[in-house]
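Student: When you get a sec, could you give me coordinates for this:
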Amino acid sequence: MNPALIVVAVVLLALIAWVLIQYNGLVSLRNHIANAWSNIDTELKRRYDLIPNLVSTVKGYANHEKDVLQHVTELRDSCVNNHGSPTEQAGTERQLVGALQRLLAVVENYPDLKADQHFLELQQELTNTENRIQAARRFYNGNVRDYRIKCQSFPSTIVASLFGFASEDYFDVEPSVRSVPDVKFPE
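Tutor: Numbers count the residues shown, from 1 in each chain. Sure, this is the predicted structure:
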């Protein structure tokens, strides 16, 4: 056996092994992103399911706020039907978040509604859902960050370019409801 041939074979095998390891690492990160997105999608659907109940409850008290209620309903339907990229979905989600914030601001004008047990439960459920969406968003964005680093770092960027690993978008949407602590000072 020729020693030079053995060295070339070992180097070639090492190079192939390195490419396979890099490729599998990129595939793994891409699958983590897909899994994390499914978590966000699940929580968004949970929010979409809460909105009609919230709108119905507010409608009972604030009948003359039809424009706000109709706008929330239309945006909810738009979000439900948007199956685009995270960037596309973030655009419609931002609009929905703004509309929900306006709806909750309208509620401030109705003390009876603010005291309604059903509304309070819906509001708490919406707050919990928003917290879950934000946790899922952070998890998703962390996976996107790791994937982007791997795709852009040398030498794995070579493998990413060779096999067409495209950049992924972050999902950046603020919560529609913020949990505000109830602070009471002693008198």
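
Student: Just the buried residues of the helix or strand harbouring Val106, please?
Tutor: Assigned by DSSP states H and E, Val106 belongs to helix 86-107. For helix 86-107, the neighbour count (16 or more other CB atoms under 10 Å) marks 86, 89-93, 96-97, 99-100, 102-104, 106-107 as buried. (Each C-beta comes from the backbone N, C-alpha and C, glycine too.)

Student: repeat for stretch 121-129
Tutor: In stretch 121-129, counting by 16+ other CB under 10 Å, buried: Leu122, Gln123, Glu125, Leu126, Thr127, Thr129.

Student: Spatially nearest residue to the third one, not counting backbone neighbours?
Tutor: Computed as CB to CB, 6 or more residues apart in numbering, the closest residue to Glu125 that is not its neighbour in sequence is Leu50, at 5.9 Å.

Student: Can you lay out the buried residues of stretch 121-129 as TSV showing distance to Asn143, pLDDT and secondary structure?
Tutor: Shown next, in TSV, are the buried residues of stretch 121-129 (distance: CB to CB, whole Å; pLDDT from 0 to 100; DSSP: H, G, I helix; E, B strand; the rest coil):
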residue	distance to Asn143	pLDDT	secondary structure
Leu122	31	87	helix
Gln123	31	86	helix
Glu125	27	90	helix
Leu126	26	89	helix
Thr127	25	89	helix
Thr129	21	90	helix
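
Student: residue contacts, the residue nearest to Phe171 when sequence neighbours are not counted?
Tutor: The shortest distance from Phe171 to any non-neighbouring residue, by CB to CB, 6+ apart, is to Pro86 (4.2 Å). Contacts for Pro86 (CB atoms under 8 Å, 6 or more residues apart in numbering) come out as Trp37, Tyr140, Glu168, Asp169, Tyr170, Phe171.

Student: got a list of what Ile40 touches?
Tutor: Taking CB under 8 Å, 6+ apart, one finds Ile133, Ala136, Arg137, Tyr140, Phe171 in contact with Ile40.
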